[in-house]
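S.K.: this is a predicted model, with the sequence first.
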Amino acid sequence: MTERVREILSWYASDTPGTRTNIARLLNHGRLGGTGHLVILPVDQGFEHGPARSFAPNPPGYDPRYHFDLALAAGCNAYAAPLGFLEAGAAEYAGEIPLILKLNNSDSLFSGGDPCPAVTGSVDDALRLGCVAIGFTIYPGSSFRNEMYGQIRALAEEAKRKGLAVVVWSYPRGSGLSKEGETAIDVAAYAAQIAAQLGAHLIKVKLPTAHIEQAAAKKVYEKHRIPIETLTDRVRHVVQSAFNGRRILIFSGGEAKETAAILDEVRAIRDGGGFGSIIGRNSFQRPREEAIKFLRTVMQIYAGELR
Amino acid sequence: MTERVREILSWYASDTPGTRTNIARLLNHGRLGGTGHLVILPVDQGFEHGPARSFAPNPPGYDPRYHFDLALAAGCNAYAAPLGFLEAGAAEYAGEIPLILKLNNSDSLFSGGDPCPAVTGSVDDALRLGCVAIGFTIYPGSSFRNEMYGQIRALAEEAKRKGLAVVVWSYPRGSGLSKEGETAIDVAAYAAQIAAQLGAHLIKVKLPTAHIEQAAAKKVYEKHRIPIETLTDRVRHVVQSAFNGRRILIFSGGEAKETAAILDEVRAIRDGGGFGSIIGRNSFQRPREEAIKFLRTVMQIYAGELR
Amino acid sequence: MTERVREILSWYASDTPGTRTNIARLLNHGRLGGTGHLVILPVDQGFEHGPARSFAPNPPGYDPRYHFDLALAAGCNAYAAPLGFLEAGAAEYAGEIPLILKLNNSDSLFSGGDPCPAVTGSVDDALRLGCVAIGFTIYPGSSFRNEMYGQIRALAEEAKRKGLAVVVWSYPRGSGLSKEGETAIDVAAYAAQIAAQLGAHLIKVKLPTAHIEQAAAKKVYEKHRIPIETLTDRVRHVVQSAFNGRRILIFSGGEAKETAAILDEVRAIRDGGGFGSIIGRNSFQRPREEAIKFLRTVMQIYAGELR
Amino acid sequence: MTERVREILSWYASDTPGTRTNIARLLNHGRLGGTGHLVILPVDQGFEHGPARSFAPNPPGYDPRYHFDLALAAGCNAYAAPLGFLEAGAAEYAGEIPLILKLNNSDSLFSGGDPCPAVTGSVDDALRLGCVAIGFTIYPGSSFRNEMYGQIRALAEEAKRKGLAVVVWSYPRGSGLSKEGETAIDVAAYAAQIAAQLGAHLIKVKLPTAHIEQAAAKKVYEKHRIPIETLTDRVRHVVQSAFNGRRILIFSGGEAKETAAILDEVRAIRDGGGFGSIIGRNSFQRPREEAIKFLRTVMQIYAGELR
Amino acid sequence: MTERVREILSWYASDTPGTRTNIARLLNHGRLGGTGHLVILPVDQGFEHGPARSFAPNPPGYDPRYHFDLALAAGCNAYAAPLGFLEAGAAEYAGEIPLILKLNNSDSLFSGGDPCPAVTGSVDDALRLGCVAIGFTIYPGSSFRNEMYGQIRALAEEAKRKGLAVVVWSYPRGSGLSKEGETAIDVAAYAAQIAAQLGAHLIKVKLPTAHIEQAAAKKVYEKHRIPIETLTDRVRHVVQSAFNGRRILIFSGGEAKETAAILDEVRAIRDGGGFGSIIGRNSFQRPREEAIKFLRTVMQIYAGELR
């Protein structure tokens, strides 16, 4: 085990050896194993956006085995998906790659009001499928936030007792926020803080813009001259907001976009002290070989092999 | 054990020895140990107001270990925080300072309607982390008050059975009250009474103004000439309202303000028979040495070493 | 055991010996012990109306021990209060007087809409504190009535299984009724019936006026010439409505008022076949000696020692 | 917290912060607080040998409060006793001294066959009484050993989950051993090992003699020339047998004997690397003042203040 | 993942992906990772034979961390030990090597009658400590066999539901067998069959002799001319007896002996189709460097790098 992984594990000294073992498995697998950096493949878009929107751009992705294989071939640290997708491949790929079971999901056939995902899996499902962690999405800013916070509280307590790690996707959204505010720097930093306070071991947030949503926050950012001009600055601030860097913070790629833009974002994450990326659509919606090449480039940047 | 602590413990004769032991631990730790006075460091602002608003004024506070250390170095009686902040330091600081796990919290990314915090921790979490007490916030005046009262009822019953103490933050707020009414003397006294009736062992309220919110109360205050002119008078009345002083009542400092003003408040709390202070932003938002000096001054006032 | 108490107990033959034992304890304690009459001291006003409105008229009442002592000194059958007030004296007064734990309470800091109290205690709390009964308030006429009926259903079921008695405060109030209707004779009788149907062992209602609220009822009262002119008539009718007198029905004193007026009411209750009184503000808001003298007079009336 | 206590706590890194907190409480209380040494007062002889045999030599010991007071006055780290003795003083002495609830006990009114104590308390009893640890006796060598090992397995798992420490009294006895063998060096070392393997945090064994009980062991002790001539040698070997000194190992005083002899034993425990003593009959069967003086001398030896 | 590991996992198609993942972890770790061969370090001798007999030959082994380190440095597939030994290192070595929690153990301070180990750990302990499998010893031939079979039945059912693998040590012993019979070829084959029928995923037996214990078996072996002359023959027969090689069967080294003799046995295991070795005393009782060299030689033989 590398010194860096050992250092990261030391931040979780209140957790059981079981949970620490599973965090280590996440950190030690794949091409970035041992570096303290992670690239995770998440595929919950089939549930969230529907199959055609998710898989038509690259039809092999309709097959659940495709994503296990992609994550494995590209050397990702882990593959994260909802219950059905994991059940459809966990046996065939047992022991090949760390799995994260997403325990809640929203579909978009009903979309009235604020977001509130359904709980679609359990901690025991995660054990049964051989996962290293549970995943859970919270939507700070939603009028249903308390329901989600209460659910992850109970699920995280159980997961920790049973030796699993807890990954929280913290996505500000809902009637408490403007559209622009969802990725505002103050909101992103706050989202990271909330997930950490809820007891997450790993936290995923979106890359923030320089916009500041909350008036009360704006005063503070200005008064203390918190640097938020460059993306690197903003990543650094969000990392700081996740217990001064003592929680593993990773960033999502967001919507599909140009490769060069994504790689620039990855450089900013790395330079700002972020721990890695969780890249869904930008990987599985490309042709397999292109996706693998792309993910490996991302990993090379995190590994410092590429500027 | 001092006579004063023994006297205070005698008020909790219906509680188990386990709960009384944990109340004693709170009363016997730190520079005020044994005096019957308490100064507690609470840090839930990261969750409640966001990281930058909380920690930018003194950036070391982004690190969860900072607050354990500050509470310890200043000689506080206890440190209170939400799940994530306690998990991130409870192992390293095991046995060094009494801990209080805040079991509910609100974030400010959604703020429509009346306040209703999410439940973010459990009594078993408190045992697992070695806490002496659970903490819980109620918002009398909120349309969701019954939900909170019902939650603390269940959590307090479980905590008492398992030998923990129960600390209730009683903060009147919501559509039942005017803004001014939140700190009105009748409302503050009522808030203390409600927390006591709900079975709290320790109660935290805000310092009250001389304003009287409720018409029915106004008649009574006038008819019986209840003294509420000075802050000391008002503290005395709130202490009386908490079972005639037979429940440990402490006061919050409120928003960050001038040192002199706070120290005057502390003198009023002491002279009115209050048991102590719970001081968050006014301590952890100052530079460490200044904060320690400030907290020690507060303690000297409570200890009667300083007028 | 007197024949009268034996007779009363015979009405509860479906209940366990444990519950009957606790009803017997209520009936056999104090100056009215054995007579089949009861005078109970209830003190939930601190929670319901706030501390100053409740205790400023007689400040020793801020101290929870005061009320145990008052009930005991006056020779009441029982003392009823919310969780906090009982916890603050139950150990010191263990075994001295039957206790009733009020399991729900409303505060008046929020008062929008129909009444719906919070559940603030449990059956296990009642066992732990040595109570003979649980108390619960329902508000027939409130849009939230079903929520309350459902709560008392569950609590009563549990209380009966665990050998406790069930006391229901049945107070018509809410958007289903006019202000005058709250104490209308048809409504009071109906309130007694609902509580009895919900399985209450003891029922408390307010003294009714001669007003008839419901048109459908009015026809019946007139057609069958039900006597409701005098208070005694009306008490008799409400007693009849509580299973023809086979449930223990007691009346509340209502707001503080002149002694003579209250004693007249007591005579009417006695003469109409009511079982007793539950007198809060009219006792604990008087100076102690006056209160004791007053309560003893009430008891003398019930005992037939005084006309 | 001293470096030594911090070092000892580091051996329990698989445990929750709660358990580590309670181990710290044991190590930090009393005159030896912070030194890493412990002197514990255990009083289970009333149950084990009967009252007169236990308390007639010093009749104040019939009163359960006597032992709380003795442990406190002498500055012991903790007081250990069965359920009844703790219940009879835990409220009065709440918060004054760490308590250990002995969860199993044997009486000597039936003594046929191999020893097998009854389980006489629960983990929840320990929480309710405010204890820092559970205590449990195993009798390796008894034909009922498996029953005891199975009981402590379940109790220890529950205690650890609830944040308590686990103290195992490991007393070889039964038809598998000769009388002399009960304190043989190989058997004592083995007893310490068994307790440690069962997951004990603290282990109590008897001081061993130079006798070797088992033929298979004798060969090894001779072949490897394990030093067992002096008591110090033997203590060192038993400490080594408790995970190379990485579990807290304390020694019992055994039967009442001369002071000088005991103090010599204490010196041997200290010099051999033992962590302390658990001294029952030799303390509570002496007159109070003499017992306090005696225990303080023991503590001075451990503290290195006395040769 | 290699084809061989994939083939082995295919035998466990009735198991959950979680269990298969943990079997894969066992097969993929260390120097033999991916070969389908395993060398496991088991250290339960401290419990089974006592500390001096176990660790005096190489005293660093008294320290529980030594064995984690040895297994890791030598490149073993896993480390197996009782609760205490795992708890004393699982946090420090989290994620470094697959762990197997031995759930039952015998000590040798009582040895009357047939063998029957105590249950000393739980499936939840295994999860908490981050183990990949539970281990359990059965003694076919013991009059207590049914008790053990019943215990492993329940524990295995729970372990499988929670995604763990099940390793059974099948050691014929007890009043049903002669001393020579314990390692008789018919008995060893039978022991493997029983463990497989009980649902074990991995089975450990002792190397068999050419002796045939049971008369009824003897006839069959002779009639069908089952080859049992060489050790390789006998290994092949036992492998066949474990579901025709479709369960992972490993062999124990037995008592400490000469290196050359062990390496010959390893060759026989390999050539007979055995999956590997579980080597305790012959590894941890040697000096560290010698042990590592020895274990690596064993691995080279299994890997086919050495004849």
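M.R.: Structure received.
S.K.: what's the distance between the residue in the stretch 101-250 of chain A that chain D sits nearest to and residue D:105?
M.R.: Residue nearest to chain D within the stretch 101-250 of chain A: residue A:161 (7.5 Å; C-beta to the nearest C-beta). Placement of C-beta: from N, CA and C, glycine included. Applying C-beta to C-beta, to the nearest Å, the value for residue A:161 to residue D:105 is 31 Å.
S.K.: so for the two, which residue has more residues nearby?
M.R.: Counted by other C-beta atoms under 10 Å in any protein chain shown, residue A:161 and residue D:105 do not tie: residue D:105 has more neighbours, with 21 against 18.
S.K.: which element is the spatially closest residue to that one that is not a sequence neighbour on?
M.R.: Nearest residue to residue D:105 in three dimensions, chain neighbours excluded: residue D:47, at 4.4 Å (C-beta to C-beta, 6 or more residues apart in numbering or on different chains). Applying DSSP states H and E as the criterion places residue D:47 in helix D:45-49.
S.K.: helices or strands up against that helix?
M.R.: helix D:51-55 (3 or more C-beta pairs under 8 Å, 6 or more residues apart in numbering or on different chains; DSSP states H and E).
S.K.: buried residues in the helix it packs on, which are they?
M.R.: D:54, D:55 (16 or more other C-beta atoms under 10 Å in any protein chain shown).
S.K.: for the stretch 1-150 of chain A, which residues are neighbours of chain E?
M.R.: The stretch 1-150 of chain A comes close to chain E at residues A:1, A:5, A:9, A:13, A:16-25, A:27-28, A:90-91, A:94-96, A:124, A:127-131, as judged by C-beta under 8 Å from any C-beta of the partner chain.
S.K.: ok, whichever residue of the stretch 51-200 of chain A sits closest to chain E to residue A:68 distance?
M.R.: Going by C-beta to the nearest C-beta, chain E is nearest to residue A:95 of the stretch 51-200 of chain A, at 2.3 Å. Distance, residue A:95 to residue A:68, by C-beta to C-beta: 11 Å.
S.K.: who has more neighbours out of these two?
M.R.: residue A:68 (24 against 21).
S.K.: and that one, what's its pLDDT?
M.R.: Looking at residue A:68, its pLDDT is 98.
S.K.: would you confirm that it contacts residue A:79?
M.R.: Yes: Residue A:68 lies in contact with residue A:79 (C-beta atoms under 8 Å); the separation is 6.0 Å.
S.K.: give me the common contacts of those two.
M.R.: Shared contacts of residue A:68 and residue A:79, defined by C-beta atoms under 8 Å, 6 or more residues apart in numbering or on different chains, comprise residue A:97.
S.K.: what about the residue in chain A that chain C sits nearest to, helix or strand, and which?
M.R.: Nearest residue of chain A to chain C, counting by C-beta to the nearest C-beta: residue A:146, 17.4 Å away. Per DSSP H and E: residue A:146 is located in helix A:145-161.
S.K.: ok, the nearest residue to residue A:91 once chain neighbours are set aside - contacts?
M.R.: Of all residues not flanking residue A:91 in the chain, residue E:17 sits nearest, at 4.8 Å (C-beta to C-beta, 6+ apart). Contacts for residue E:17 (C-beta under 8 Å, 6+ apart) come out as A:90, A:91, A:94, A:128, A:129, A:130, E:163.
S.K.: how about the third one, secondary structure?
M.R.: Taken by DSSP: H, G, I helix; E, B strand; the rest coil, the conformation at residue A:94 corresponds to coil.
S.K.: before we move on, what about residue A:140?
M.R.: Classified using three-state DSSP, residue A:140 is coil.
S.K.: what ranges do the helices span in chain A?
M.R.: If DSSP state H is used as the criterion, the helices of chain A fall at A:3-10, A:17-28, A:45-49, A:51-55, A:64-74, A:83-87, A:123-128, A:145-161, A:185-197, A:215-223, A:231-241, A:259-271, A:281-284, A:288-303.
S.K.: tell me what the fourth one is packed against?
M.R.: In this structure, helix A:51-55 packs against helix A:45-49, with contacts taken as 3+ C-beta pairs under 8 Å, 6+ apart.
S.K.: can you pull the buried residues of the helix it packs on?
M.R.: A:45, A:46, A:47, A:48.
S.K.: now stretch A:273-292
M.R.: A:274-286, A:288, A:291-292.
S.K.: and it, how far from the chain's centre?
M.R.: 12 Å (C-alpha atoms, centre = their mean, to the nearest Å).
S.K.: show the end-to-end separation of that stretch, please.
M.R.: 24 Å (C-alpha to C-alpha, to the nearest Å).
S.K.: that stretch and chain B in contact?
M.R.: No: on the criterion C-beta under 8 Å from any C-beta, stretch A:273-292 is out of touch with chain B, staying 12.4 Å away.
S.K.: tell me the mean pLDDT for that stretch?
M.R.: 96.
S.K.: stretch A:250-257 too?
M.R.: So the average pLDDT for stretch A:250-257 ends up being 78.
S.K.: buried ones among the residues of the stretch 1-150 of chain A next to chain E?
M.R.: A:1, A:5, A:9, A:13, A:16-25, A:27-28, A:90-91, A:94-96, A:127-131.
S.K.: re the thing from before, contacts for the helix holding residue D:47?
M.R.: By C-beta under 8 Å, 6+ apart, helix D:45-49 touches D:53, D:54, D:55, D:82, D:85, D:105, D:106, D:107, D:108, D:120, D:280, D:281.
S.K.: repeat that for 6 Å
M.R.: D:54, D:82, D:105, D:107 (C-beta atoms under 6 Å, 6 or more residues apart in numbering or on different chains).
S.K.: which one of the helices of chain A is the most hemmed in?
M.R.: Highest mean neighbour count of these: helix A:185-197, a mean of 30 (counted as mean count of other C-beta atoms under 10 Å in any protein chain shown).
S.K.: that one to helix A:231-241, inter-axis angle?
M.R.: 30 degrees (axes from the mean of the first three to the mean of the last three C-alpha atoms, to 10 degrees).
S.K.: angle of helix A:185-197 against helix B:64-74?
M.R.: Going by the same axes, to 10 degrees, helix A:185-197 makes 70 degrees with helix B:64-74.
S.K.: give the other helices and strands that helix A:185-197 contacts.
M.R.: strand A:165-170, strand A:202-206, helix A:231-241 (3 or more C-beta pairs under 6 Å, 6 or more residues apart in numbering or on different chains; DSSP states H and E).
S.K.: the longest one close to chain B?
M.R.: Yes: with C-beta under 6 Å from any C-beta of the partner chain as the criterion, chain B is reached by helix A:231-241 at A:240, A:241.
S.K.: same check, this time on the second one
M.R.: No: in this structure, strand A:202-206 remains apart from chain B according to C-beta under 6 Å from any C-beta; the gap is never smaller than 10.0 Å.
S.K.: coming back round to it: turn the helices of chain A into a markdown table, including distance to residue E:154.
M.R.: Output for these, formatted as a markdown table (distance: least, C-beta to C-beta, whole Å):
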| stretch | distance to residue E:154 |
| --- | --- |
| helix A:3-10 | 33 |
| helix A:17-28 | 21 |
| helix A:45-49 | 37 |
| helix A:51-55 | 43 |
| helix A:64-74 | 33 |
| helix A:83-87 | 26 |
| helix A:123-128 | 18 |
| helix A:145-161 | 20 |
| helix A:185-197 | 38 |
| helix A:215-223 | 56 |
| helix A:231-241 | 47 |
| helix A:259-271 | 48 |
| helix A:281-284 | 43 |
| helix A:288-303 | 45 |
